[in-house]
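Visitor: What follows is a predicted structure for the sequence shown.
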Amino acid sequence: MKSGSASVDNRLNRRSALVPTGSGMVGIRALKKIWMDGQLVDWDDAKVHVLTHGLHYGYSIFEGIRSHDTPRGAAIFRLHEHIDRFFNSAKVYRMKLPYSMEEIEQACVDVVRANGVPTVYLRPVAFSGYGEMGLDPTKSPVQVAVGEWEWGAYLGQKGVESGVRATVSSWVRMDSRMLPPQAKCAANYANSALAKMEAVVGGYEEAILLNSQGMVAEGPGENIFRVKHEIVSTPPASSGILRGITRDTVIQFLRDEGLTFQRTDFTREELFTADELFYSGTAAGITPIREVDGRPIGTGDYPIVRRLQRRYENAIHGGNPEYDAWLSYVDAKAAPARRVPTVARAR
């Protein structure tokens, strides 16, 4: 994908202008509308009661999705796959959503159109609302909302370009005997928050969590990939990871680049001896890891990461027709003729 490489590099240099540090935190600028329980409401009117059940018991599922500017206007990347996972999370948690997949997908499109900002991070969320208190969430109504905000690269522009410093967390990634790790539930992210805070207090940008068997699982909000002798690997679903949509995107890119790929467990020491390491995620994009627990990773050149970053930037901005099937255009008239997708579905 040599065409447009300069513009891709420029986008890589601009993506996280709103993030002042590598902390992953950003102030939210109020936009116009949020979709809530079937209708668009004014930003300041999207409220819930303090005794909302999901606030107290973590019974909430969500997705993180990005919309990007393209030559044809705003386009949401892999919207269908994200909403499919949203519904799978609901199924795992016995949550009966009062809307169809098509309605939630349309809500995402409507929110981007209503706010008029093409480059945003979308947050569909479903939670047990105000009704009854107690551990059984089925006594409370399920509420659904879709909000959005402007958010640059989660780990900062410096991280995208030069890599981030990571530490192996003392907190262990929960496994399926504790909570369902492949459901994107708010309760799971208390585990992630502990790991993130520990890393930041220790002077690192991000954490890496091991699973209960001592093998590498993922980051607090990202999947992780390892490169050794041009073989790229990532932990399998059985390691207790969330099956990331960006993870799946990277796997397809590796195939399209003709690189050797495998799903396999690897150890903490194998992090230290990698030629390249990188995170993937909707918030983080594709971000290299330059150091783990004080040990430099590889040479710092990231040749494979750079190939993947360029392919990713082209795909999300509509610069590669091969991945048009992954784009949901906010202006339906702007969408190119649909082709039979040649890309793999999320795993």
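Guide: Happy to help now that I have it.
Visitor: Just say helix, strand or coil for F278.
Guide: Secondary structure state of F278, per DSSP: H, G, I helix; E, B strand; the rest coil, is strand.
Visitor: How many neighbouring residues does it have?
Guide: By other C-beta atoms under 10 Å, the residues close to F278 number 29. For every residue, glycine as well, the C-beta is placed using N, CA and C.
Visitor: State the distance from it to S239.
Guide: 17 Å (C-beta to C-beta, to the nearest Å).
Visitor: do the same with R66
Guide: Taking C-beta to C-beta, one finds R66 at 25 Å from S239.
Visitor: go on, S140?
Guide: In terms of C-beta to C-beta, S140 sits 33 Å off from S239.
Visitor: How about D175?
Guide: 9 Å.
Visitor: neighbour count winner among those two?
Guide: Using other C-beta under 10 Å as the criterion, D175 and S239 rank with S239 on top: 22 against 16.
Visitor: Tell me who's in contact with that one.
Guide: N211, Q213, M215, V216, A217, E218, D265 (C-beta atoms under 8 Å, 6 or more residues apart in numbering).
Visitor: can you tell me which two in those residues are farthest apart?
Guide: Q213 and E218 (13.9 Å; C-beta to C-beta).
Visitor: So between these two, which is more surrounded?
Guide: The neighbour count for Q213 versus E218, taken as other C-beta under 10 Å, is higher for E218 (27 against 12).
Visitor: how about stretch 131-147 as PDB, C-alpha atoms only?
Guide: Output in PDB follows, covering the C-alpha atoms of stretch 131-147 (Å, rounded to 0.1, in the frame of the first residue of the first chain):
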ATOM      1  CA  GLY A 131     -36.000  -0.300  39.300                       C
ATOM      2  CA  GLU A 132     -35.100  -2.600  42.200                       C
ATOM      3  CA  MET A 133     -31.900  -3.100  44.200                       C
ATOM      4  CA  GLY A 134     -30.200  -6.400  44.900                       C
ATOM      5  CA  LEU A 135     -28.000  -8.700  43.100                       C
ATOM      6  CA  ASP A 136     -30.600 -10.100  40.600                       C
ATOM      7  CA  PRO A 137     -30.500  -7.600  37.700                       C
ATOM      8  CA  THR A 138     -33.600  -9.100  36.000                       C
ATOM      9  CA  LYS A 139     -35.800  -7.100  38.300                       C
ATOM     10  CA  SER A 140     -34.700  -3.800  36.700                       C
ATOM     11  CA  PRO A 141     -35.300  -2.500  33.200                       C
ATOM     12  CA  VAL A 142     -32.500  -2.700  30.600                       C
ATOM     13  CA  GLN A 143     -31.500   0.800  29.300                       C
ATOM     14  CA  VAL A 144     -29.500   1.300  26.200                       C
ATOM     15  CA  ALA A 145     -27.600   4.400  25.100                       C
ATOM     16  CA  VAL A 146     -25.000   5.400  22.400                       C
ATOM     17  CA  GLY A 147     -22.800   8.300  23.200                       C
END
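Visitor: Next, the buried residues of that stretch.
Guide: Residues of stretch 131-147 classed as buried: G131, P137, S140, V142, Q143, V144, A145, V146, G147 (neighbour count, 16 or more other C-beta atoms under 10 Å).
Visitor: Find the residue at the geometric middle of the chain.
Guide: T282 (2.8 Å; C-alpha atoms, centre = their mean).
Visitor: unless I'm mixing things up, that residue is touching H68, no?
Guide: No - distance between T282 and H68: 11.3 Å, which falls outside the contact criterion (C-beta atoms under 8 Å).
Visitor: so where is the stretch 1-150 of the chain shaky, pLDDT-wise?
Guide: Counting by pLDDT under 70, the stretch 1-150 of the chain contains low-confidence ranges at 1-26.
Visitor: now the strands for it?
Guide: Here the stretch 1-150 of the chain has its strands, by DSSP state E, counting those that start in this stretch, at 33-36, 39-42, 60-62, 65-70, 73-77, 120-128, 142-149.
Visitor: Which one of those lies nearest to N314?
Guide: The nearest among these, by C-beta to C-beta, is strand 65-70 at 10.4 Å.
Visitor: That closest one - contacts with which helices or strands?
Guide: Secondary-structure packing of strand 65-70 (3 or more C-beta pairs under 8 Å, 6 or more residues apart in numbering; DSSP states H and E): strand 73-77, strand 120-128.
Visitor: Dig out what the closest residue to I65 other than its chain neighbours forms beta bridges with.
Guide: The spatial neighbour of I65 that comes closest, neighbours along the chain excluded (C-beta to C-beta, 6 or more residues apart in numbering), is L122 at 4.1 Å. Going by DSSP bridges, L122 is paired in beta bridges with I65, E148.
Visitor: need the contact list for L122.
Guide: Neighbours of L122 in contact, by C-beta under 8 Å, 6+ apart: E63, G64, I65, R66, S67, I76, C108, V111, V112, V146, G147, E148.
Visitor: Repeat that for D44.
Guide: D44 touches A30, counting by C-beta under 8 Å, 6+ apart.
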